[in-house]
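J.: From the sequence below, what's the structure:
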Amino acid sequence: MQFNLPKSGAGGSRRHEPERVRAWLDGLPKLDHAALGREFLAYLEEANATELPTGDRLAVLEMLREETEALLDAHRRQCERLSFPLEDENLHLHDEVQALLAALATGYRIVADQSLARSDRLDEVRDRLRLAVLRAVELLGWRIVTAQSLYRPPPRGVWQELHHIYREAERTGMDRERVEHLSDWSVGGAYLRIVLTSLADPFALMQGEIHEVYRRLRKWALAVRVVHPEELPPAKLREAIEGHFVIDLERDAAGSFGRGPDEDGGEIRILELGELLRIVEDRIRELTLEKKTGFADWQQRDLLRRLRNAWRGRPPRSADRLSRQGSVRIIAGLPAVHHQLDGGRDFTPEEDEVTLHGDQFQQRSTLSLVPMDQEAWRNDEARQKLAEGVIKPRGYVFDLEEKEADIWKKATLISGTGKTTLEEWVERRTTGSRSELEVRDVSSGGFRMVCPAGSGIRLRVGGLLLIDDGRERARLGTVRWLMTRGDEAVELGAGFLQGTPRPTAIRGLEGMGAGSQYQRALLLTGDEHEACLAPAGLFAPESLVLTNDREHLRLVRFRRILYSTKSITCFETETLEINDLRRQEIISSLYKLLNRED
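T.: Next up is the predicted model:
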């Protein structure tokens, strides 16, 4: 097992003794993660170039690895809030994280190299060697996952380095040996974990999902069997390659489906994923039988289905792609799409609802459910306070997508007074989420496009798009995948959504989302059913909502989720009658909404 390592200098000072390093780490301020990472990197670069006792080096690396895991967790949470193309400050942070992980991996490779040098006592140092090799594999895997979480290709050469380490571990029988204090974990398990993560179509995963996949594979990867070509008769080898994922240990890539080595004599490994697929199928079946219909439950099943499909291998393309040169106009995000389809009008659903209720808003009724302390509210008074900005029923809070990754900003307040700085920012964000993108190819299902760096538009996998190619009416779509190129431009695939959209406003009355403020939404009319496209995470099946398109109020029950991302959820809907009792309940809930103090 050989490593390309930096040359070590003279013997280390006492500052590299484990006790002193522990005291130094404990004394560092922990709030500024970026500064902390730079401190770690500077120390590692010095330590990696210094001759140190192998045991001391390993002890220090284990301390720094634990601290780095906390930094990576903070970096992961930050990445889940980003949109693309990335801004310069986030690119710089990513480069720093990659440098830190590379320096840590180098430190463990030095430990492995020093352990191998003790060939006369290899049995005595084998535990140390095994741990060092395992850590190096894990850190190289973190480099790959960190890059893919930002829809970037892995750093050049990392896969070749991983393949080299794994091949050497196989040769020495270390790939299956368990690391004693980690029970069932081994170098081979860590290697397969990152390979399978990269075969899970990572550029089509929504933000945060790649880390969930990586977490699950800590156990699932152990179910995968690695087949060597010499285990199969020559006549069966081609058949095995065509029906399985294959790793070419000479290539700087994870692997591919049904593809052999690039050259004769290339070294390959065939992955048998049957047991892994059975585990995933069983989990899907369990979740289905539980009959949970909430947003989180639906997303968990959906992720498992997508993993199953990815690990089965890429199916033949259902529609031909045709090369096309040109451009399309794109509007991104539900608020901006709604704003465009609504003709750019102000979002004033509370005022519109007061108007649509007409005299019934101020009439008393024996069926009235309005509390006595609200009887002073009258139509004219409500209008006046809305206009003056005294009532501000919608505040700037974040729903699930914004909380996880910058999805949804609520609409501007209803006010005739001057806009606040925050309101102006939201308006710019809503009206500015548009750009002209270059088209690369097109099919009946969507476009492949390029978004240049600095375009101003913000994209996320699963985000809503309004696509106008100038040839027919604009169509709704979603971002299916993203991939950042070397020039920081972003390639993306967009798939069309079915149904004719109509802008509306919705608020919850019963079930999940009851009492919610008005949200922008789209009603979709299709041949088979009517659906509603709403912000993700706010409503669930069986939620009762009021839709308000300025002309009509409708009472709608969300029946089931048709599809969902971290940005939007599409519900099949059922329209219910608004009888006198229901109207009084709706008016009562409007009173409460208008009287809410944010």
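J.: Do a quick rundown of the strands in the stretch 151-300 of the chain.
T.: 225-227, 245-248, 256-257, 268-272 (DSSP state E, counting those that start in this stretch).
J.: So which of those strands is the most surrounded?
T.: strand 245-248 (a mean of 22; mean count of other C-beta atoms under 10 Å). Where C-beta positions appear, they are placed from N, C-alpha and C, glycine not excepted.
J.: Show me the contact partners of it.
T.: The contact list for strand 245-248 (C-beta atoms under 8 Å, 6 or more residues apart in numbering) reads 163, 195, 199, 254-262, 266-271, 273, 311, 313.
J.: Narrow the residues you listed to just the buried residues.
T.: Buried members of the contacts of strand 245-248, scored by 16 or more other C-beta atoms under 10 Å, are 163, 195, 199, 254-257, 260-261, 268-271, 273, 311.
J.: farthest pair in these?
T.: Maximum pairwise distance among these (C-beta to C-beta): 21.5 Å, between 261 and 311.
J.: Quick check: residue 254 vs residue 200, distance?
T.: Going from residue 254 to residue 200 by C-beta to C-beta, to the nearest Å gives 10 Å.
J.: Actually, residue 106.
T.: Relative to residue 200, and taking C-beta to C-beta, residue 106 is found at 28 Å.
J.: Over to residue 32?
T.: Distance from residue 32 to residue 200, by C-beta to C-beta: 33 Å.
J.: These two: which is more packed in?
T.: residue 200 (23 against 11; other C-beta atoms under 10 Å).
J.: is it true that that one touches residue 213?
T.: Yes - look at residue 200 against residue 213 with C-beta atoms under 8 Å: they come within range, at 5.2 Å.
J.: overlap in contacts of the two?
T.: Residues touching both residue 200 and residue 213 (C-beta under 8 Å, 6+ apart): residue 307.
J.: follow-up on the earlier one: in helices, which of the contacts of strand 245-248 appear?
T.: If you go by DSSP state H, those have 163, 195, 311 in helices.
J.: Out of the buried ones among the contacts of strand 245-248, the closest to residue 208 would be?
T.: Nearest member of the buried ones among the contacts of strand 245-248 to residue 208, counting by C-beta to C-beta, is residue 199, at 18.8 Å.
J.: wait, doesn't that closest one sit right on residue 307?
T.: No - using C-beta under 8 Å, residue 199 makes no contact with residue 307, being 9.7 Å away.
J.: if I read this right, residue 165 contacts residue 135, doesn't it?
T.: No - in this structure, residue 165 is not within contact of residue 135 by C-beta under 8 Å, at 11.0 Å.
J.: And residue 301, its phi and psi?
T.: Per-residue torsions, residue 301: phi -60, psi -40 (degrees, to the nearest 10).
J.: Let me know the pLDDT of it.
T.: Confidence at residue 301, expressed as pLDDT, is 96.
J.: Any figure for the gap between it and residue 197?
T.: 20 Å.
J.: now swap in residue 459 and tell me
T.: Distance of residue 459 to residue 197, given as C-beta to C-beta: 22 Å.
J.: same deal with residue 307?
T.: 10 Å.
J.: do the same with residue 539
T.: On the measure of C-beta to C-beta, residue 539 and residue 197 end up 32 Å apart.
J.: the more surrounded of these two?
T.: Shown here are residue 539 and residue 197; by other C-beta under 10 Å, residue 539 has more neighbours (26 against 23).
J.: Doesn't that one lie inside a helix?
T.: No - using DSSP: H, G, I helix; E, B strand; the rest coil, the assignment for residue 539 is coil, not a helix.
J.: tell me the contacts of it?
T.: 295, 508, 511-513, 545, 558, 569, 571.
J.: Using PyMOL, make a named selection holding only the buried ones among those.
T.: In PyMOL, a selection of the buried entries from these looks like this (16+ other C-beta under 10 Å):
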select buried, resi 295+508+512+513+545+558+569+571
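J.: Among the contacts of residue 539, which are located in strands?
T.: Among the contacts of residue 539, DSSP state E puts 508, 545, 558, 569, 571 in strands.
J.: Now for the fourth one: which residues touch it?
T.: Think residue 569. 295, 533-537, 539, 561, 563.
J.: Could you check how far residue 534 is from residue 562?
T.: From residue 534 across to residue 562, the span is 11 Å (C-beta to C-beta).
J.: between these two, who's got more neighbours?
T.: Using other C-beta under 10 Å as the criterion, residue 534 and residue 562 rank with residue 534 on top: 26 against 19.
J.: surely that one meets residue 567?
T.: No - if you go by C-beta under 8 Å, residue 534 and residue 567 don't touch, sitting 10.5 Å apart.
J.: about what we covered before: kindly point out which residues are neighbours of both of residue 534 and residue 562.
T.: The contact sets of residue 534 and residue 562 overlap at 570-571 (C-beta under 8 Å, 6+ apart).
J.: Tell me how this structure divides into domains.
T.: 14-207, 322-332+429-496, 344-362+382-415+498-595 (the TED database).
J.: Which of these sits closest to residue 286?
T.: domain 344-362+382-415+498-595 (18.5 Å).
J.: what about that closest one, how long is it end to end?
T.: Taking C-alpha to C-alpha, to the nearest Å, the first and last residues of domain 344-362+382-415+498-595 lie 27 Å apart.
J.: now do stretch 218-235
T.: End-to-end distance (C-alpha to C-alpha), stretch 218-235: 35 Å.
J.: quick one: average pLDDT of it?
T.: Here the average pLDDT along stretch 218-235 is 92.
J.: Please verify my assumption that residue 222 contacts residue 178.
T.: No - assessed by C-beta under 8 Å, residue 222 is found out of contact with residue 178, at 10.6 Å.
J.: Mind listing the shared neighbours of these two?
T.: In terms of C-beta under 8 Å, 6+ apart, residue 222 and residue 178 are both contacted by the residues residue 184.
J.: re earlier: adding mean pLDDT and distance to residue 228 as columns, could you present the domains of the chain in a markdown table?
T.: Conversion of the domains of the chain to a markdown table gives the following (pLDDT from 0 to 100; distance: least, C-beta to C-beta, whole Å):
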| stretch | mean pLDDT | distance to residue 228 |
| --- | --- | --- |
| domain 14-207 | 93 | 9 |
| domain 322-332+429-496 | 91 | 32 |
| domain 344-362+382-415+498-595 | 83 | 40 |
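J.: Just put the ones you listed in TSV and tack on distance to residue 241.
T.: Output for those, formatted as TSV (distance: least, C-beta to C-beta, whole Å):
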stretch	distance to residue 241
domain 14-207	15
domain 322-332+429-496	26
domain 344-362+382-415+498-595	35
